[in-house]
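Mind folding the following:
(one chain, ligands or ions: 1)
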Amino acid sequence: MHSPTLVIVAAILAALVTAVLSAVWFFNRNIPGLRLWALALFCTTVFCVNLLLRDFVPLLPSVLLAQGSIALTAYLCLLGAREYVGRAPLRHGVAAGAMVLLLVTVAYFTVVQPHLEVRFVLSGLVPGVCFLIAAHSMAKGGFRKVPARYLFAGTLGVHGAFLLVRPLLFKLATPADASQPEAGIVAALSQFVVLESTMALVLVAFGALMLANEFITNELRHLAEIDPLTNVFNRRAFLTLLDKAISNAQRTQTALPVLVMDLDHFKKINDSWGHRAGDDVLRHFVMLAQRCLRKEDVMGRLGGEEFAIFLPNAGAGGAIAVAERLRAMVEAHPVATEPRSIALTVSVGVTLCSGSESAGTALQRADEAMYLAKGRGRNRVEMAAAPAAPLAPVVPTTPATPTTLAA
Ligand SMILES: Nc1nc2c(ncn2[C@@H]2O[C@H](COP(=O)(O)OP(=O)(O)OP(=O)(O)O)[C@@H](O)[C@H]2O)c(=O)[nH]1
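Sure thing, here's the model as predicted:
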């Protein structure tokens, strides 16, 4: 295709994807990086338009605008990538200094000592390095968890590398005598450069949209699964995870301990200290509980002041030790508030999930044990024996008689 036609196509595409990303950002302003990527694509649009109008604009402004807009595109992509993965923003002072240095150098090699090759190298060097760093920032995290990041990182990385090797390719393709047949290779290479940039532009836009989708999906999943007050799993998500863990334990023939915990006299805390202090107490309890847990242990809030934990890879002895440690820790760490701290205790019921029983059945048994702990004076741990035989998956069973474990 004719080069100017390619540039027109690139300019139209750049304007379109800028509009699309801006619209998505307008309605989802909390998506990290999106605003910066929309701005980056706007800079690309400026670059393309400037390229189309270069015969009508004086050389120096045209060259400065081209170099400035493409460097800014890459820098904004880098900022967006860092924002998306939650890294600290860069200091703009350094970038502004680098931009001024770049533009002064470019002006020097345009007006004082015109040198097309040096300008060409510079036009690839700064953006190329920025794109590669952006790709590196983005390509962190597990591939399975965040595939969209790899498309984005791959596009930025390949485009950055291409910008860096581009001058070398032109050097290799340029014949000593322009009338030689190899001159056609340079024209083809020029067209390929525009084509590659257009494809990178489209892929970056797709990547940004996929990342926006990934972010929204994760946010919705978080809202659906996580209790907003305490930041542990909510009841529904916890039951789903417990069901899966019971299946795993059954397959590996291991016991799966479950703890149900209920704060003692929580109503009194609310009544005496207020609901907000009650919320602080719930968060404090979760913080203490998490100190007693290993990475693979899973905690959920069943509702109100009732929580549950399952402990893969812990037997009955380990579960009782954890429950006892947790109980003692809660008792020993009152919530620090003015004018005096809030004393806190917890009652814990422990059971082992067995066979193919459902999460609900296991929780019900642990709940029975927890109520036994309440009945026996609170601030204690009770253990319910697991049912002797495997249970049918959905048939509810009579809870086993809890056995006492003195606190
Ligand atoms: N602050 C706060 N309170 C809550 C929340 N959810 C439930 N509650 C309160 O928790 C209290 C639970 O009270 P009860 O079920 O009587 O239990 P309790 O006072 O802990 O008594 P025992 O369990 O028998 O020791 C109620 O006052 C609820 O309003 C919450 O998210 N925040």
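
before we move on, could you check phi and psi at Leu293?
Leu293 has phi and psi values of phi -100, psi 160 when expressed as degrees, to the nearest 10.

same check, this time on Ser356
When read as degrees, to the nearest 10, the backbone of Ser356 gives phi -110, psi 30.

now the helix or strand harbouring Leu172: mean pLDDT?
Mapping Leu172 onto the secondary structure by DSSP states H and E places it in helix 147-173. Here helix 147-173 scores 90 as its mean pLDDT.

same thing with stretch 114-130?
The pLDDT scores in stretch 114-130 average 92.

Same check on stretch 65-82?
Stretch 65-82 shows an average pLDDT of 95 in the prediction.

State the three-state secondary structure for Val63.
In the three-state summary, Val63 is assigned as helix, counting by DSSP: H, G, I helix; E, B strand; the rest coil.

helix or strand for Ala212, which one?
Following DSSP H and E, one finds Ala212 within helix 183-225.

Quick check: which helices or strands does that helix pack against?
When contacts are defined as 3 or more CB pairs under 8 Å, 6 or more residues apart in numbering; DSSP states H and E, helix 183-225 sits against helix 3-27, helix 34-52, helix 59-84, helix 147-173, helix 235-251. Where C-beta positions appear, they are placed from N, C-alpha and C, glycine not excepted.

Tally up the residues packed near the residue in the chain positioned nearest to the ligand, please.
Checking the chain residue by residue against the ligand with CB to the nearest ligand atom singles out Gly278 as nearest, at 2.6 Å. Residues within reach of Gly278, counting by other CB atoms under 10 Å, total 21.

how far away is it from His284?
Computed as CB to CB, to the nearest Å, the Gly278 to His284 distance reads 11 Å.

And Leu72, by the same measure?
Using CB to CB, we find Leu72 at a distance of 47 Å from His284.

These two: which is more packed in?
Here Leu72 and His284 are set side by side on neighbour count (other CB under 10 Å), and the busier one is Leu72, at 22 against 19.

And for the closest residue to that one other than its chain neighbours, the neighbour number?
Closest residue in space to Leu72, ignoring its immediate chain neighbours: Cys43 at 4.6 Å, by CB to CB, 6 or more residues apart in numbering. When neighbours are counted by other CB under 10 Å, Cys43 registers 21.

now swap in Gly317 and tell me
Counted with other CB under 10 Å, the burial measure for Gly317 works out to 9 neighbours.

where are the low-confidence patches of the stretch 151-300 of the chain?
Judged against pLDDT under 70, the low-scoring parts of the stretch 151-300 of the chain cover residues 176-183.

returning to what we had before: show me what the helix holding Leu172 is packed against.
Using 3+ CB pairs under 8 Å, 6+ apart as the test, helix 147-173 ends up in contact with helix 59-84, helix 116-138, helix 183-225.

show me the contacts for the residue nearest to Leu72.
Contacts here follow CB atoms under 8 Å, 6 or more residues apart in numbering; on that basis Cys43 touches 69-70, 72-73, 76.

and if you look at Ala81?
Ala81 is in contact with 33, 134-135, 137-138, 152-153, 156, counting by CB under 8 Å, 6+ apart.

As TSV, the helices and strands packed on helix 183-225 with distance to the ligand would be great.
Below are those laid out as TSV (distance: least, CB to the nearest ligand atom, whole Å):
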stretch	distance to the ligand
helix 3-27	31
helix 34-52	33
helix 59-84	33
helix 147-173	35
helix 235-251	12
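
quick one on the thing from earlier: let me know the angle separating the helix holding Ala212 from helix 59-84.
30 degrees (axes from the mean of the first three to the mean of the last three CA atoms, to 10 degrees).

buried sites along the helix holding Leu172?
Buried residues in helix 147-173, counted by 16 or more other CB atoms under 10 Å: 148-153, 155-160, 162-164, 166-167, 170, 173.

among the helices and strands packed on helix 147-173, which is nearest Trp25?
Ranking these by proximity to Trp25 (CB to CB) places helix 183-225 first, at 8.1 Å.

Tell me the spacing between Leu101 and Pro127.
Distance from Leu101 to Pro127, counting by CB to CB: 15 Å.

circling back: which stretch among the helices and strands packed on helix 183-225 approaches Arg119 most closely?
Across the helices and strands packed on helix 183-225, Arg119 has its closest neighbour in helix 59-84 (6.7 Å, CB to CB).

Going by neighbour count, list what's buried in stretch 242-255.
The neighbour-count check on stretch 242-255 (16+ other CB under 10 Å) flags 242-243, 245-246, 249-250, 255 as buried.

Taking those, tell me the two that lie furthest apart.
Pairwise distances across the buried residues of stretch 242-255 (CB to CB) peak at 16.1 Å, for the pair Asp243 and Ala255.

contacting residues for the residue nearest the centre of the chain?
The geometric centre of the chain, computed from its C-alpha atoms, lies nearest to Val85 (CA atoms, centre = their mean), at 6.1 Å. Each residue near Val85 by CB under 8 Å, 6+ apart is listed here: 137-138, 140-141, 149.

And the pLDDT at it?
For Val85, the model assigns a pLDDT of 88.

swap in Val394?
Here the pLDDT value assigned to Val394 is 36.

Could you do Phe42 as well?
Per-residue confidence for Phe42 comes out at a pLDDT of 97.

What is the burial count for it?
As a burial measure, the neighbour count of Phe42 was computed by other CB under 10 Å and equals 21.

for it, what are its contacts?
Phe42 sits in contact with 18, 22, where contact means CB under 8 Å, 6+ apart.

hmm, try it at 6 Å
Phe42 sits next to Thr18 when contact means CB atoms under 6 Å, 6 or more residues apart in numbering.

Same check on Val298?
With contacts taken as CB under 6 Å, 6+ apart, Val298 has the following neighbours: 241, 310.

try the one 10 residues further on
Taking CB under 6 Å, 6+ apart, we find Ala308 in contact with 260, 300, 302.
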